[in-house]
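# with the sequence up front, the predicted model follows.
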Amino acid sequence: MTTPLIPPPRKDPQKRTVSPTRPPQMRSRAALGLSAAAAHGRFALQRCAECGAVQYPPRDACSSCLSLELPWQDVSPLGEILAETTVRTSTKLYFRERAPWRTGSVQLDAGPVLLCHLHGDCEPRSRVKLLNRLDRAGQGVLLAVPLERTPTMEDDPQLRALTSDPKHRRVLITDARNPNAPALATSLLAAGAAMVFVGEAESWRPYPEKPLLQAIDGVELLPMDVTDTASVQKLAGELGGKTDILINNARFIRPGGVLSRGDTGFARDEMEVNYLGLMRLAQAFGPAMCSRVSDGINSAVAWVNILSVHALSNAPDYGCFSASNAAAHSLSQCLRAEFRSSGLRVMNVYCGPTEDDWYQPLPPPKVLPESLSRSVVQGLQQGLEEVYCGDVAKDVYTRFEQSPNILERETTQGVEGA
Amino acid sequence: MRARQSYDGVVVTAPFSTPYQRYSIETAHWWIARALRGSLQSAGLKPLDIDGFTVSSFTLFPDTAVGLTQHLGLSPRWLDHIPMGGASGVVALRRAARAVQSGDASIVACVAGDTNHIDSFRGLLSSFSRFAMDASYPYGYGGPNANFALLTDRYMQTYGATREDFGRLCVAQRSNALNNPGAVMKKPLTLEQYLGARPIADPIALFDCVMPCAGSEAFLVMHEDQARARQLPFARLSGAIERHNAHAADPIQLRGGWTVDIEELYNMADCTPESIDLLQTYDDYPVISMMQIEDLGFCAKGEAASFVRGHDLTTRGDFPHNTSGGQLSAGQAGAAGGFIGMVEAIRQLTDAAENRQVKNAARAMVSGFGMINYDRGVCSAAAILSSEDAS
């Protein structure tokens, strides 16, 4: 059974913070398919389009028939442990610092044999389920876990190294005024977060979420306005060293495309909050978080952006808002690259229309704060990079994956004219 | 399929081993040059006397055998680069033998060597193979230790071998190494020390692992007439096989490619396992030596442990094995680890092994195993050598 993690003691400021180290990062182009699937939490392997043989390790030609068509497909994650070892010394610092490290070889029901990490609760030579998760190098790796859930299995050090689990971690939610803030705070605390800080702009101005937030034990409201660089820097000065997960839920939204608006005023506000706000937060909190990725049980672990799924493809009714989210989405990819050397993970949560005033004219389905917060927590617990919350977001992403060009035409074609 | 031609008339001579060093500030080029020079000097030859050259090395980058011709002042008409790690000694000999038989070359120098700088082993691992980079090293980065720990775990479970059995093999090799002045390991090893050693990657502990080091090995391949004319002591090549990526469908490696061709090897050499006087296996880990003792026909599959229990594997014993201490005790000098058994076998068969000489050694088997591309060794090879006057 996994030994449950205990909340870490207060940090001794005289002690040196452990520098982040990373597992091996280099991969062939083919192997990046595994990482791409892991970003979504999928267990996918290459399957030959001609003979059907499942391949592993990733390759460029089928080892059964030499076909060059090897698409990635979800396959059964079940298999059996053939052999195992506990690595007690390694030339790679990341593993040296974390030894002993349990690995093994698993015969997959789908065919190939794969080397993988072994969860501590796996019995020798037992049937197991494989998870494909991102490691701290941002690459997909395979972890065998028992078929049935075991008590506190998420606390296994090898599994926890692959996830962004909020348990025992301190979270900063950037905007108390977003209707989703109370639900997010509640879910994170229920998932074991040690503390939830919530940034509050213009605290003199009342808003309905305030009493809800104040009523939650473990929530602390602190002044911050993502459009105000000084306030962001000030809070980062106080909290930067103890923010383990940052959730950027700040959003400025108004309906309308280019021609339906008379000027660029709202567009400027949208960019100020949705795009430049993200940049300000990253510049203020990013460096401190990056330096604390190996800092024990409550190490810095993830940066979460809540975006509109129309960051991927414009929805003209909210065209300018979509554009600001596209900018934020692009910036998140830049951040992901810049955070990579530390192991800090960027998780984007893409939503369809949310159940609030600004989407009032749109028909359902809409994303409730509770379902958004569930997606955020599950994404963190699984260590994902890409999360699609709600039916609309999943629908748009499926269409986007198939053909961005068709999606654009589907979303932008107007009503049949006379 | 046409029968394989014999290796009649091909001999090996001028074995040379550069004493190994744990770390070296020299380059692979330096180590290779030193072994080549040593081998040529012992045969009374100059660099331009050789017209065939093959090299094996992991640390020669960015050079290959091509760069070495210019670097070392060679002008061969037959040139090969053999990147097969532990199988490269046998494979080099096999190919050189065909070159000599066909007249493509008359004297082939086969050389292997690698340097070992501080921290260079880590670099070597990180660029070893694409499958290892993608699918093996991200899992604990245990290197070959972790790979072979898995095979050892499975082997022990399947055949009931114990740590004591592996220990016996290691202890005997250490005893042999104490008579090899070039070996890295200089102290005796007891079974208690073996069993009490620091665990590295369970069930593998410290003395199951080779010590990466710098070193080089060389020998010459030529026609018997050439060797006689130069009055060089020699051993004959009686047979040789190689096989790559055999038994790919086995979920985990418990046998190697030898099993595919071993019968043909004995037929070529017109002998049986009983007539082999000494065996040089590729011993990067004791389980691999056990696997070879089985796959080369010295005992049935799964019985190597009891075979080791029932025999004395030292140079004075009834089954001399890895008579120079093998890599486990002499050290693993990169690709030279694929040559150590070959060069030692030539010494033994030409009565040049000094105080570790096996008495009346007339026939030796040399086995090679190499390249953990992903989860198993891909290359396997074996040769039977006979002394000049073997019947």
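Happy to help now that I have it. This one's a predicted model, so the numbers in the text were calculated from it and none came from an experiment.

# can you list the residues of the stretch 151-300 of chain B near chain A?
Taking CB under 8 Å from any CB of the partner chain as the test, the list of the stretch 151-300 of chain B residues beside chain A reads B:151, B:153-154, B:157, B:198-204, B:248, B:251-252. Where you see a C-beta, it was placed from the backbone N, CA and C, and this is true even at glycine.

# again, only using 7 Å
Counting by CB under 7 Å from any CB of the partner chain, the positions of the stretch 151-300 of chain B adjacent to chain A are B:153, B:154, B:199, B:200, B:201, B:202, B:251, B:252.

# please identify which pair of those residues lies farthest apart.
By the measure CB to CB, B:199 and B:251 form the most distant pair in these, at 25.2 Å.

# what's the pLDDT at the residue nearest to residue A:228 when sequence neighbours are not counted?
Spatial nearest neighbour of residue A:228, chain neighbours left out: residue A:201 (7.7 Å); criterion: CB to CB, 6 or more residues apart in numbering or on different chains. On the pLDDT scale, residue A:201 is placed at 96.

# list phi and psi for residue A:201.
The phi/psi pair for residue A:201 (degrees, to the nearest 10) reads phi -90, psi 150.

# check contacts around it.
By CB atoms under 7 Å, 6 or more residues apart in numbering or on different chains, the contact set of residue A:201 is A:177, A:224, A:225.

# let me know the closest of those to residue A:405.
residue A:177 (37.3 Å).

# nearest to residue B:357 among the contacts of residue A:201?
Of all those, residue B:357 sits closest to residue A:224, with 81.9 Å by CB to CB.

# figure out the helix or strand that residue B:13 lives in.
Using DSSP states H and E, residue B:13 maps to strand B:10-21.

# what angle do strand B:10-21 and whichever helix or strand comes after that strand make with each other?
Following strand B:10-21 in sequence order, the next helix or strand is helix B:28-43 (DSSP H and E). Between helix B:28-43 and strand B:10-21, the angle comes out at 130 degrees (axes from the mean of the first three to the mean of the last three CA atoms, to 10 degrees).

# what's in contact with helix B:28-43?
Contacts for helix B:28-43 (CB under 7 Å, 6+ apart): B:13-14, B:16, B:18, B:46-47, B:55, B:57, B:59-60, B:68, B:71-72, B:109, B:111, B:113-115, B:214-220, B:230, B:232.

# what distance separates it from the centre of its chain?
18 Å (CA atoms, centre = their mean, to the nearest Å).

# now for the strand holding residue B:13, which elements pack on it?
helix B:28-43, helix B:88-102, strand B:214-223, helix B:224-229, strand B:234-244, helix B:340-349 (3 or more CB pairs under 7 Å, 6 or more residues apart in numbering or on different chains; DSSP states H and E).

# parallel or antiparallel, list what pairs with it.
strand B:214-223 (antiparallel), strand B:234-244 (antiparallel) (DSSP bridges).

# which among the residues of the stretch 151-300 of chain B next to chain A end up buried?
B:153, B:154, B:199, B:200, B:201, B:202, B:251, B:252 (16 or more other CB atoms under 10 Å in any protein chain shown).

# can you map out the helices along the stretch 1-150 of chain A?
A:32-39, A:93-98 (DSSP state H, counting those that start in this stretch).

# do the longest one and chain B come into contact?
No. Among the residues of helix A:32-39, none lie within reach of chain B under CB under 7 Å from any CB; the closest is 8.0 Å away.

# now do that helix: everything it contacts.
Contacts of helix A:32-39 (CB under 7 Å, 6+ apart): A:27, A:44, A:46, A:58, A:72, A:132-134, A:138-140, A:384-386.

# apply 6 Å and report the result again.
A:44, A:58, A:72, A:132, A:133, A:134, A:139, A:140, A:385, A:386 (CB atoms under 6 Å, 6 or more residues apart in numbering or on different chains).

# got it, and stretch B:166-181?
Contacts for stretch B:166-181 (CB under 6 Å, 6+ apart): B:183, B:185, B:189, B:191, B:194-195, B:207, B:286, B:289, B:308, B:313-315, B:322-326, B:328-330, B:355-356.

# repeat that with 8 Å
Under the criterion CB atoms under 8 Å, 6 or more residues apart in numbering or on different chains, residues B:19, B:152, B:183, B:185-186, B:188-191, B:194-195, B:207-208, B:283, B:286-287, B:289-290, B:308-309, B:312-315, B:317, B:321-326, B:328-330, B:354-356 lie in contact with stretch B:166-181.

# just checking, which of those belong to strands?
residue B:19 (DSSP state E).

# which of the contacts of stretch B:166-181 fall in helices?
B:152, B:191, B:194-195, B:286-287, B:289-290, B:308-309, B:326, B:328-330 (DSSP state H).

# select, from those, the two members most distant in space.
Taking CB to CB, no two of the ones in helices among the contacts of stretch B:166-181 sit farther apart than B:309 and B:330, at 24.1 Å.

# more neighbours: which of these two?
The neighbour comparison of residue B:309 against residue B:330 (other CB atoms under 10 Å in any protein chain shown) goes to residue B:330, with 31 against 13.

# wait, what's in contact with the residue nearest to the more buried one when sequence neighbours are not counted?
Nearest residue to residue B:330 in three dimensions, chain neighbours excluded: residue B:183, at 4.0 Å (CB to CB, 6+ apart). Counting by CB under 8 Å, 6+ apart, residue B:183 makes contact with B:20, B:177, B:324, B:325, B:329, B:330, B:331.

# can you list the domains in the chain?
Just going to use chain A. A:32-160, A:170-412 (automatic domain parsing).

# my bad, chain B
B:10-119+B:213-229, B:142-211+B:235-387.

# turn these into CSV, columns for distance to residue A:348 and mean pLDDT.
Formatted as CSV, the domains of chain B follow (distance: least, CB to CB, whole Å; pLDDT from 0 to 100):
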stretch, distance to residue A:348, mean pLDDT
domain B:10-119+B:213-229, 38, 97
domain B:142-211+B:235-387, 33, 96
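
# could I get these as JSON lines with distance to residue A:283?
As requested, those are exported to JSON lines (distance: least, CB to CB, whole Å):
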{"stretch": "domain B:10-119+B:213-229", "distance to residue A:283": "36"}
{"stretch": "domain B:142-211+B:235-387", "distance to residue A:283": "39"}
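
# and of the helices and strands packed on strand B:10-21, who's closest to residue B:1?
Of all those, strand B:234-244 comes closest under CB to CB, at 14.3 Å.
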